[in-house]
Every structure is written in structure tokens, then in C-alpha cells.
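Novice: Quick one: sequence and predicted model below, then my questions.
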Amino acid sequence: MTQTTTQKPYDKKKKLVQLIHIGKSKLCLDDETYRSLLETTTGKTSTKEMTLGELNKVMTRLKQLGFTPTAPKSASKIKQDKEPQAKLIRHLWLTLHNLGAVKDPSEKALCAYVKRQTGIDLLAWLPTHKASTVIESLKKWVERVEKQAKTTESTTHIHGDFTGIIAGKNSTVVQINIKQS
């Protein structure tokens, strides 16, 4: 059984009234000026008495006066998809971060990568076949990084005298002097 989430007219009206009150405070309207604006726009002095259409007219008037509604701060956060493929994509992304291949482990950076790979903005919107493509791409990336790390960490055998500087992983610089005896 699927559940659809449609807003009821009452919920829309309630949210619009809240937004109008936010607009009132952002525009620094005193109560008398605010009531006058409501009356000239709709003929009513209270938002409780207004229909949805009248509230929209008031909202349009507030926008004309300079009010710009913004999304709440929580809306800027990207919700994580809980699907198994999305979890695997996120796991591989964090693995790459731990290996030093990805600088930004955030969900926003992951979504930017997914968009570059697939043209789709969010993990939650990925169809199965595109998610599989992203997973395979990330797996290959992890393999390349791990292979590179193994070759970097392998022991080097030196024959004869050697003096020099070796730059290691994470910008570690070591000067060594080896004399063959």
C-alpha cells in the first residue's frame, strides 16, 4: 500500500499565513501598516478570514514590497537515501575519503559526483541501472587508489651508497643517508 503525501488546503493555508507573518516581520511592518496592507489587497484585515486565493494575493504584494521567502535552514540539508544501493555508494565514497582520494565526504559532494556521472541530482532519484553504474565506477576508483597505495608503500631495495630525500604519503619528507659496508 503506497501512501501519497499531498497537502490539504488547510495545511497550505496555515503555511501561507505563517509565511505572510514572516514577511510582515522581515519588512518591519507595524500592526497598523500590516492591517492596512491586508485591507487594500483583499478587503479583509485578518489572514484568518481570507481564502487561499486572497492569501496568495497578500503574498504577491509582500514580494512586491521586497520580501523574498527563503527555504528553512533544514531544507538545505540533503536527506540520505536508505536504499541498499545508495548505502553502498555512500560507503564507497567514504572509503575513498578515508584513503585520501576524496577531500569532501559530505552528501552534497557525493551528489555532485553522482550528477557528473549520471546527470541526476540526488541518489534517491537514481534508477537501479544508473546506481549500478555509479557503484562500479566507485569500486574501480577504490581499486586504483588501493593499488597505488600498495606500490607507494612497497619496500625499495637500494644497492650501493645513497643520499637523498624521499617524499612520502601525506607530504612527509625524510632525508636518508645509506652507506653500503
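Specialist: Great, that's in hand. Numbering: from 1, shown residues only.
Novice: so where's the protein shaky on pLDDT?
Specialist: Of all residues in the chain, those with pLDDT under 70 make up the ranges 1-10, 71-81, 152-181.
Novice: Can you tell me which residue is spatially central in it?
Specialist: In the chain, the residue lying closest to the centroid (C-alpha atoms, centre = their mean) is Lys108, at 3.1 Å.
Novice: in what helix or strand does that one lie?
Specialist: Counting by DSSP states H and E, the element that carries Lys108 is helix 107-118.
Novice: tell me what the helix or strand just after that helix is packed against?
Specialist: Using DSSP H and E, the helix or strand that follows helix 107-118 towards the C-terminus is helix 128-153. For helix 128-153, the helices and strands in contact under the criterion 3 or more C-beta pairs under 8 Å, 6 or more residues apart in numbering; DSSP states H and E are helix 84-98, helix 107-118. Backbone N, C-alpha and C define where each C-beta goes, glycine included.
Novice: between those helices, which one is nearest to Lys14?
Specialist: Lys14 sits nearest to helix 107-118 of all the helices and strands packed on helix 128-153, at 30.1 Å, using C-beta to C-beta.
Novice: could you check the angle helix 84-98 makes with that closest one?
Specialist: 110 degrees (axes from the mean of the first three to the mean of the last three C-alpha atoms, to 10 degrees).
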